[in-house]
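[1] Predicted model, plus sequence, below.
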Amino acid sequence: MRRINAITTALAIAFLLSQVAPDNWTDRLHFAGIPWGAFIIAGLCFVLLVQLLLKPGAISLGLLGGFAALIVTAIWGYLRGNIETYSLKFFAADIFCFGALLAGYCMTCARSKENTARLVSRLTVIVSIVIVATYIGLFAGLVTTAIDIEGRTVTSSIFNAISILLVLLPWAAVSTHQSAASGGWRTFFVFATAAATGLLSATRSITISVVVAACLYLILKRKRFGAMFLLRLAGGAGVLLLLAIWGLPLIGTLVFDRLNNTQISDEARTEELSTLWPQINGDLVAGQGMGSRFVSNIVVDQSPLASAPHIGIATFLMKGGILLFLGYVVLPLFVAVFVLFSPNFAETQRGAAASVVMFIVLSCLSGGWSPLPLFAYGLAISSMTPERLRRPSLTLRLANLPEGAYQRSLPRVS
């Protein structure tokens, strides 16, 4: 079992790295037009399926429901003619995204919650290192980007990387498997990386999400306001302040200007939702299936068609209708809030619940329907739920009876 866990960990890290490669390397990570990440996630799903079959009782109703949702929405999208209308490329992309969510969900079903927490801590450190390395390459001229907006220093790969980092941020920060010697530094490193990315990219959603993650971290640590924790908190706040003082003169105050001048009614993504609604309100029951697209006011790659709105939480409603939205947005959020504020759950479970809240916050601001954040979302949904109690077999129960109890339990024959 340890060998299989090592294989799934390696595949999860490989999947992460395939999605956060620099922009000018992206074309190399394709085979016959298919991204390597799709092959890696397929291999991960296969190994996880083997692991689930070897672990009695690991296949839960939630997992079966997820596979049923994928199959139904895929068949429905095919019957609606989404492939003929919009091409196989976008149909496969939606399958890839939802498959990543299920792969994340399977990880915790196949492994223990403690192993999953260690994996989450490792993934956040790796993705933070990738973000820092990408920025170094960008400033050194080794990495190129198609995003050319004055005052904003960012690449598409950084946006991909920061999405999973933000979702996993509070969970990784409170992981009980971080040692006392390195846990504080890891927490500071991942938070500082996320905050610095928000400043350098002048992205409002990242800046707001970092603040939300910090608030969730304080909620999770509310019973540990000791001297050491307060010292680390003050140190972290001081370093973030120094980053802001150093960074703002360099990049200007664009991110704060954008926040200050934000008018929700005038936002392009808000207008996009109002454009989306008339196109899907007749399909609220069953949705439009995988591969569906809509006419958006935000033109990307010279095409007005989009596979998902920028406020990605609405994509569940678009692809699978009201049932998928209730099952993957409303219900997880309700359970997450309950677990987050309940002292009866382990810290790792409450951290996973905080990550569920983070995904919904992030996808309500911008993005969400992409493989990395959905993979993290699947990890968090499965990890925040309590372990199922498995009833021991009859043989095991008899073996644990005290000496002589087995004979006394037999019916007497007169």
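    Okay, I see it.
[2] what's the spacing between Ile158 and Gly104?
    From Ile158 over to Gly104 the distance is 21 Å, taken as CB to CB, to the nearest Å. (C-beta placed from N, C-alpha, C; glycine too.)
[3] repeat for Ala376
    For Ala376, the distance to Gly104 - CB to CB - is 6 Å.
[4] tally of neighbours for Val330?
    13 (other CB atoms under 10 Å).
[5] Check Tyr328 too.
    Tyr328: 25 neighbours (other CB under 10 Å).
[6] Report the buried residues of the helix ranked longest in the chain.
    The longest helix of the chain (DSSP state H) is helix 113-140. Judged by neighbour count using 16 or more other CB atoms under 10 Å, the buried positions of helix 113-140 are 113, 115-128, 130-131, 134-135, 138.
[7] Could you do stretch 275-288 as well?
    Thr275, Leu276, Ile280, Asp283, Gly287, Gln288.
[8] which one among those residues gets closest to Ala314?
    Checking the buried residues of stretch 275-288 against Ala314 by CB to CB gives Leu276 as the nearest, at 6.6 Å.
[9] how about that closest one, what does it touch?
    Phe294, Ser296, Pro309, Ala314, Met318 (CB atoms under 8 Å, 6 or more residues apart in numbering).
[10] hmm, try it at 7 Å
    Under the criterion of CB atoms under 7 Å, 6 or more residues apart in numbering, the neighbours of Leu276 are Phe294, Pro309, Ala314.
[11] Can you lay out those as a markdown table showing secondary structure and pLDDT?
    Below are those laid out as a markdown table (DSSP: H, G, I helix; E, B strand; the rest coil; pLDDT from 0 to 100):
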| residue | secondary structure | pLDDT |
| --- | --- | --- |
| Phe294 | strand | 92 |
| Pro309 | coil | 91 |
| Ala314 | helix | 92 |
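[12] Mind giving me the ChimeraX command for buried ones among the residues you listed?
    To isolate the buried members of the contacts of Leu276 in ChimeraX, using 16+ other CB under 10 Å:
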select :294,309,314
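[13] Now for Ala376: which residues touch it?
    Applying CB under 7 Å, 6+ apart, the residues near Ala376 are Gly104, Ile164, Val167, Leu168, Ser355, Phe359.
[14] Skip the chain neighbours and tell me the closest residue to the first one.
    If the residues on either side of it in the chain are set aside, Gly104 comes closest to Gly378, at 2.7 Å by CB to CB, 6 or more residues apart in numbering.
[15] Verify the stated contact: Ser307 with Phe91.
    No. Taking CB atoms under 7 Å as the definition, Ser307 is not a contact partner of Phe91, at 9.5 Å.
[16] Show the model's pLDDT score for Gly184.
    Here, the pLDDT recorded for Gly184 equals 69.
[17] how about the next helix or strand after the longest helix of the chain: buried residues?
    Downstream of helix 113-140, the first helix or strand assigned by DSSP states H and E is helix 156-173. Within helix 156-173, the residues scored as buried using 16+ other CB under 10 Å are 157-173.
[18] Equivalent analysis for stretch 77-86, please.
    Result for stretch 77-86 [16+ other CB under 10 Å]: buried residues Gly77, Arg80, Asn82, Ile83, Tyr86.
[19] Endpoints of it, how far apart?
    11 Å (CA to CA, to the nearest Å).
[20] how far out from the middle of the chain is it?
    Centre-to-centre, stretch 77-86 and its host chain are 28 Å apart (CA atoms, centre = their mean, to the nearest Å).
[21] per-residue confidence averaged over that stretch?
    Here the average pLDDT along stretch 77-86 is 93.
[22] Show residues contacting that stretch.
    So stretch 77-86 is contacted by Phe91, Gln288, Gly289, Met290, Gly291, Ser292, Arg293 (CB under 7 Å, 6+ apart).
[23] does the residue nearest the centre of the chain sit in a helix, a strand or a coil?
    The chain has Ala376 as the residue nearest its centroid, 2.6 Å off, counting by CA atoms, centre = their mean. Here Ala376 is recorded as helix under DSSP: H, G, I helix; E, B strand; the rest coil.
[24] list the helices and strands the longest helix of the chain packs on?
    helix 2-19, helix 156-173, helix 183-201, helix 347-365, helix 371-384 (3 or more CB pairs under 7 Å, 6 or more residues apart in numbering; DSSP states H and E).
[25] Next, format those helices as TSV and append distance to Ile208.
    Putting the helices and strands packed on helix 113-140 into TSV (distance: least, CB to CB, whole Å) gives the following:
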stretch	distance to Ile208
helix 2-19	23
helix 156-173	10
helix 183-201	8
helix 347-365	6
helix 371-384	15
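[26] right, and those - which one's nearest Gly57?
    Here helix 371-384 is closest among the helices and strands packed on helix 113-140 (CB to CB), at 14.2 Å.
[27] Redo the buried residues of stretch 275-288 as TSV? Include secondary structure and distance to Ser303.
    As requested, these are exported to TSV (DSSP: H, G, I helix; E, B strand; the rest coil; distance: CB to CB, whole Å):
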residue	secondary structure	distance to Ser303
Thr275	helix	15
Leu276	helix	16
Ile280	helix	19
Asp283	helix	22
Gly287	coil	22
Gln288	coil	18
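[28] What is the most widely separated pair among these?
    Thr275 and Gly287, at 17.5 Å, using CB to CB across these.
[29] Buried residues, the helix or strand hosting Leu317. List them.
    Here Leu317, judged by DSSP H and E, is contained in helix 314-325. By neighbour count on 16+ other CB under 10 Å, the buried set for helix 314-325 is Ala314, Thr315, Phe316, Leu317, Met318, Lys319, Gly320, Gly321, Leu323, Leu324, Phe325.
[30] Contacts only, for Ser175.
    Ala117, Val120, Ser121, Thr348, Gly351.
[31] For it, give its distance to Thr116.
    10 Å.
[32] cool, and Ala68?
    23 Å.
[33] can you check Trp277 too?
    Trp277 is 37 Å from Thr116, by CB to CB.
[34] List the buried residues of stretch 354-370.
    So stretch 354-370, judged by 16+ other CB under 10 Å, has buried residues 354-363, 365-370.
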